[in-house]
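> sequence first, predicted model second:
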Amino acid sequence: MKKSFLFTSESVAEGHPDRLCDTISDAIVDRFLQQDPYSHVVTECALSKGIVFVAARFASKATVDIPDLAREVVGAVGYRKEDFNAAECTVVTSLMAQPLDQRYEWDERELTEKELDRITVRNQITQFGFACNQTAELMPFPITMANRLARQLTAVREGKTIPYLSPDCTTQVGVAFENGKPKRIQSITLIAGYQGGNLIDAAALRADLLQYVVGPVFESEAIRPDDETDIFINPRGIFPKSGPAAHSGMTGRKSASDTYGGYARHSGSALSGKDPCRIDRVGAYVARYAAKNVVAAGLADECEVQLSYTIGQARPVSLQVRTHGTAIIAEGLIESRLSECIDFRLGAIIRDFGLRHLPARHKTGFYRMLPAHGHVGASFTDLPWERIDIENRLR
């Protein structure tokens, strides 16, 4: 593996149309699970100027006003009415109500081992989890900084420090690596959407973003922008329109920024819009949990865990570990220890992470917060799959 290279990762703010679609999809999942934790629901969203399209299939005892909920999510993002009017936008739905016997109506916490074996996956997937020691949260440095910039753009907009920003912004951070470790910031790109009265000039925009976004994000970092760092801010000029008024969105199109910024593999499957019985979602979470504990245990500087599931089976049909030459013990031994310490069955994942009941414990919902705040790494709360609690057993 190359030891010296340049790697760049991208992230988006919560008002980016793709991210907004993810949030709408997960808000629907939350609402179903808050009323009926045994709901089976899969939902996808697409939007463009003045219109939101939601497709959902579900088996649930819950009653959810999907158009109203979609408008609530859009309204909370903070677009100007001229760009996206939540109250007046058209919401088109395609809903498929399925029989209630499609639900798994049992509490995994009360099941025996044989009963857990009967909870099988309904779709096949090869999912990946990754961790490395580049940051405190054991995430790749480029995507960590791109995500922090995106969240800071939202914070300064909501806090009125830079009130003219649109909710739709994107970030990109290029990092030069030497000997496999982050060495310096090669480039930073901020694409800041604009909404307000008179257009601000490029120099004022640059000054604001450097002072209130870039500066605070890198302030406590050992690796910061230097005199040779290329900082690009709206290199094609000010965007008078942004969000759905400028480009469309769809659930699942930000899989790289949802995970590891392209630094490590992901399945390409959308994480949002799926209840906890979908292994293509929760498999990503348990794989991350496994990889993170391996790195936290000091068994490797970086670790990728690959899990493959097939329809009708409760357990993964394969478990593979890759450490890119950084492990202190054999990868096969790490695989054996993970199998001993983690129950990778679907029912056990739901049980051990409490996935059915998380929405009820968060008044505003749980899953809807993940797209903007992070499915992995640092997020809005302590995510159960981000726990480091088996590192001693792995050692």
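All right, it came through fine.

> give me the contacts around the helix or strand where residue 303 lies.
Assigned by DSSP states H and E, residue 303 belongs to strand 302-309. With contact meaning CB atoms under 8 Å, 6 or more residues apart in numbering, strand 302-309 is reached by 121, 123-133, 264-265, 279, 283, 286-288, 290-291, 294-295, 316-324, 326-327, 334, 338, 344, 346. All C-beta atoms are positioned from the backbone trio N, CA, C, and that covers glycine.

> who does that strand pair up with?
strand 125-132 (antiparallel), strand 318-322 (antiparallel) (DSSP bridges).

> make CSV out of the ones you listed and add mean pLDDT and mean neighbour count.
Below are the strands paired with strand 302-309 laid out as CSV (pLDDT from 0 to 100; neighbours: other CB atoms under 10 Å):
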stretch, mean pLDDT, mean neighbour count
strand 125-132, 98, 24
strand 318-322, 98, 18
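
> of those strands, which approaches residue 104 most closely?
strand 125-132 (17.9 Å; CB to CB).

> right, and the helix or strand after the closest one?
Taking DSSP H and E, what comes next after strand 125-132 is helix 141-158.

> show me what that next one is packed up against.
If you count contacts as 3 or more CB pairs under 8 Å, 6 or more residues apart in numbering; DSSP states H and E, helix 141-158 packs onto strand 5-12, strand 165-178, strand 181-194, helix 215-218, helix 255-258, helix 370-373.

> same thing but at 6 Å, please
Packed against helix 141-158 by the contact rule (3 or more CB pairs under 6 Å, 6 or more residues apart in numbering; DSSP states H and E) you find strand 5-12, strand 165-178, helix 215-218.

> got the CA coordinates for the last one in PDB?
Coordinates of the C-alpha atoms in helix 215-218 are reproduced here as PDB (Å, rounded to 0.1, in the frame of the first residue of the first chain):
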ATOM      1  CA  GLY A 215     -10.400  29.000  11.700                       C
ATOM      2  CA  PRO A 216     -12.600  27.500  14.500                       C
ATOM      3  CA  VAL A 217     -12.600  24.100  12.900                       C
ATOM      4  CA  PHE A 218      -8.900  23.800  12.700                       C
END
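
> start at 10, not 1
With 10 as the first residue, the last one maps to helix 224-227.

> for that helix, list every residue counted as buried.
Within helix 224-227, the residues scored as buried using 16 or more other CB atoms under 10 Å are 226, 227.

> list the contacts of that helix.
Residues outside helix 224-227 that contact it (CB atoms under 6 Å, 6 or more residues apart in numbering) are 157, 158, 161, 233.

> neighbours around the first one, how many?
It stands for residue 157. For residue 157, the count of nearby residues is 22 (other CB atoms under 10 Å).

> tell me the spacing between the residue lying closest to it once chain neighbours are set aside and residue 167.
Closest residue to residue 157 apart from its sequence neighbours, by CB to CB, 6 or more residues apart in numbering: residue 226 at 4.8 Å. From residue 226 across to residue 167, the span is 16 Å (CB to CB, to the nearest Å).

> beyond the helix or strand where residue 51 lies, next helix or strand please.
Following DSSP H and E, one finds residue 51 within strand 49-57. Downstream of strand 49-57, the next assigned helix or strand under DSSP H and E is strand 60-68.

> just the CA atoms of that next one, as PDB, please.
Provided in PDB are the C-alpha atoms of strand 60-68 (Å, rounded to 0.1, in the frame of the first residue of the first chain):
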ATOM      1  CA  ILE A  60     -41.900  19.200  -5.100                       C
ATOM      2  CA  VAL A  61     -41.100  16.300  -2.800                       C
ATOM      3  CA  PHE A  62     -41.700  12.700  -3.900                       C
ATOM      4  CA  VAL A  63     -41.800  10.000  -1.200                       C
ATOM      5  CA  ALA A  64     -42.100   6.200  -1.900                       C
ATOM      6  CA  ALA A  65     -42.700   4.000   1.100                       C
ATOM      7  CA  ARG A  66     -43.700   0.500   1.900                       C
ATOM      8  CA  PHE A  67     -44.500  -0.500   5.400                       C
ATOM      9  CA  ALA A  68     -46.100  -3.100   7.700                       C
END
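
> quick one: mean pLDDT for it?
Strand 60-68 shows a mean pLDDT of 97.

> stretch 292-302 too?
The model assigns stretch 292-302 a mean pLDDT of 98.

> quick one, what contacts the nearest residue to residue 155 once chain neighbours are set aside?
Distances taken as CB to CB, 6+ apart put residue 20 closest to residue 155, at 3.9 Å, once the chain neighbours are dropped. By CB under 6 Å, 6+ apart, the contact set of residue 20 is 155, 156, 159, 180, 266.
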